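In: Model the structure of this input:
(chains A, B, C and D)
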Protein chains: 2
Amino acid sequence: MATKKAPTDETTEEKIKAAARKVFTKKGFSAARTRDIAEEAGINLALLNYYFRSKEKLFDIVMMENLQQFLLGLKSVLHDEKSSLTEKVAVIAEEYINMLKANPDLPVFVLTEIRTNPEKLADTMKVKTLLLESAFFKQLLAATKGKMHPMHLLINIMGLTVFPFVAGPLLQHVGSLKTEDFHKLMDERKKMIPMWFDSILKGI
Amino acid sequence: MATKKAPTDETTEEKIKAAARKVFTKKGFSAARTRDIAEEAGINLALLNYYFRSKEKLFDIVMMENLQQFLLGLKSVLHDEKSSLTEKVAVIAEEYINMLKANPDLPVFVLTEIRTNPEKLADTMKVKTLLLESAFFKQLLAATKGKMHPMHLLINIMGLTVFPFVAGPLLQHVGSLKTEDFHKLMDERKKMIPMWFDSILKGI
DNA sequence: TCATTCTTTAAACAAATGATTAAATCAGAC
DNA sequence: GTCTGATTTAATCATTTGTTTAAAGAATGA
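Out: Sure thing, here's the model as predicted:
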């Protein structure tokens, strides 16, 4: 028997997964064709089914990893007992914006597929308990002073951070921005979002 | 020749358009099948091509109308010379939230399709000039006091208002919210968003 | 009523697409 | 080298899906 190769990024299996992530994330499940993925990966079409029984199985794997990237990248920040709420918001904004600059299609993809297939979220992800038991959430709750649902503040942080990427092409068109200009704006927001968040807190 | 019927909502043509809007908006262009639309409309499949030469032509029409609804519903507000910036934000939040409660799939649909097909936006829409020449934009520009790109404030308004609907299912899952609870939160935001916006302005 | 045109229907077509097969090729064990 | 199992390839299959066709039905005007 052939010894199992170490799964470097040069494995056929890894090439397929990388190509699948790219094509799925860009076009969504339905519009992505297995032939697109095979071509992107530079492999024979049949290998896709050889390594991952079906398009859907392959999708599930990529989807899971995308979700992880989108939701669980901030685990350590959320549980940091020492940093203040505003400091956490600064880290979240910084990390998300960096990640989204590199993966601008990720949020629309994730949010579309969650919308299409909400049950997959519930099964696989523990994001809910992760968040609710975090130091971050406790601080969020404290900051509301009982005057509003803490979800509002969470929505605001996410909205200020993620939304510009969701609406990227539209905003670039309206603002006559090149991708470079857009990225510059997004970098500016890394410092601004925690300040805006503070302003909001003061106004409560 | 048959006299042209008045295009009530009972016309076959209108039934197809309504069904198409529903199916396209929910599933996106690729995942929507012409047979889905025909069934939803309760008409024979061939009628779809009889009235609208192709799936894509039908899509373009629905897309245009969705875009109009998403972007141009606020024309009168934007050009109101009398109201203050904050008052405009209040109206925008109020109207958008009402519209989005009734059409929760609209933003993801519009933003996905703009992403997939950015050129369609440029041709058909005059949203850019509409916005840039509005009283609203002038007020936005004045409010920045030259300290930031006015686009930041626009992004914030949209992000605070639209994002919760984009991320709706995810937020409902994380917050253990029923649709009713979620709508209640959204209603609360109608008053809160202009206040938050004011807080942000004060902090500039 | 008859003729004409518009509308609707059932059936079929052609292309696209996910999946499978059978043979060829490769890599390692002996 | 030879054997064995894993990997890869080209070809093919079966289904889905957008579209078309030809005929039937309904409406309108003479």
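In: which residues of chain A fall in helices?
Out: A:12-31, A:34-41, A:45-51, A:55-71, A:75-78, A:85-102, A:106-116, A:118-124, A:127-132, A:135-144, A:150-166, A:168-174, A:179-203 (DSSP state H).
In: In the last one, which residues are buried?
Out: So that's helix A:179-203. Buried residues in helix A:179-203, counted by 16 or more other C-beta atoms under 10 Å in any protein chain shown: A:182, A:185-186, A:189-190, A:192-194, A:196-201. In short, each C-beta sits where N, CA and C put it, glycine included.
In: Could you do the fourth one as well?
Out: Within helix A:55-71, the residues scored as buried using 16+ other C-beta under 10 Å are A:55, A:58-60, A:62-63, A:66-67, A:70-71.
In: so it versus helix A:85-102, what angle?
Out: 140 degrees (axes from the mean of the first three to the mean of the last three C-alpha atoms, to 10 degrees).
In: Could you pull up the mean pLDDT of helix A:55-71?
Out: Per-residue pLDDT over helix A:55-71 has a mean of 88.
In: For it, name the packing helices and strands.
Out: helix A:12-31, helix A:106-116, helix A:118-124 (3 or more C-beta pairs under 8 Å, 6 or more residues apart in numbering or on different chains; DSSP states H and E).
In: Out of those helices, which gets nearest to DNA strand D?
Out: When these are ranked by proximity to DNA strand D, the top entry is helix A:12-31, at 3.6 Å, counting by C-beta to the nearest atom of the strand.
In: how much space between the residue lying closest to A:Lys190 once chain neighbours are set aside and DNA strand D?
Out: With sequence-adjacent residues excluded and distances taken as C-beta to C-beta, 6 or more residues apart in numbering or on different chains, A:Lys190 is closest to A:Glu94, at 4.9 Å. Applying C-beta to the nearest atom of the strand, to the nearest Å, the value for A:Glu94 to DNA strand D is 40 Å.
In: Grab the most central residue of chain A for me.
Out: A:Phe70 (2.4 Å; C-alpha atoms, centre = their mean).
In: looking at it, that one is touching A:Val110, isn't it?
Out: Yes. When contacts are counted by C-beta atoms under 8 Å, A:Phe70 is listed as touching A:Val110 (4.9 Å).
In: which one of the buried residues of helix A:179-203 sits closest to DNA strand D?
Out: When the buried residues of helix A:179-203 are compared against DNA strand D (criterion: C-beta to the nearest atom of the strand), the nearest one is A:Phe182, at 33.3 Å.
In: Identify, from the buried residues of helix A:179-203, the entry nearest to DNA strand C.
Out: A:Phe182 (30.8 Å).
In: Find me the pLDDT at the closest residue in space to that closest one that isn't next to it in sequence, would you?
Out: Leaving out its chain neighbours, the residue that sits closest to A:Phe182 by C-beta to C-beta, 6+ apart is A:Gln172, at 5.3 Å. Per-residue confidence (pLDDT) for A:Gln172: 92.
In: Help me confirm that A:Gln172 comes into contact with A:Lys184.
Out: No. Under the criterion of C-beta under 8 Å, A:Gln172 makes no contact with A:Lys184, lying 11.9 Å away.
In: ok, now which ones touch the closest residue to A:Asn44 other than its chain neighbours?
Out: Counting by C-beta to C-beta, 6+ apart, A:Asn44 lies nearest to A:Ala38, which is 6.7 Å off, once chain neighbours are set aside. Going by C-beta atoms under 8 Å, 6 or more residues apart in numbering or on different chains, A:Ala38 touches A:16, A:19, A:44-45, A:47-48.
In: quick revisit: what is the burial count for the residue nearest to A:Lys190?
Out: 18 (other C-beta atoms under 10 Å in any protein chain shown).
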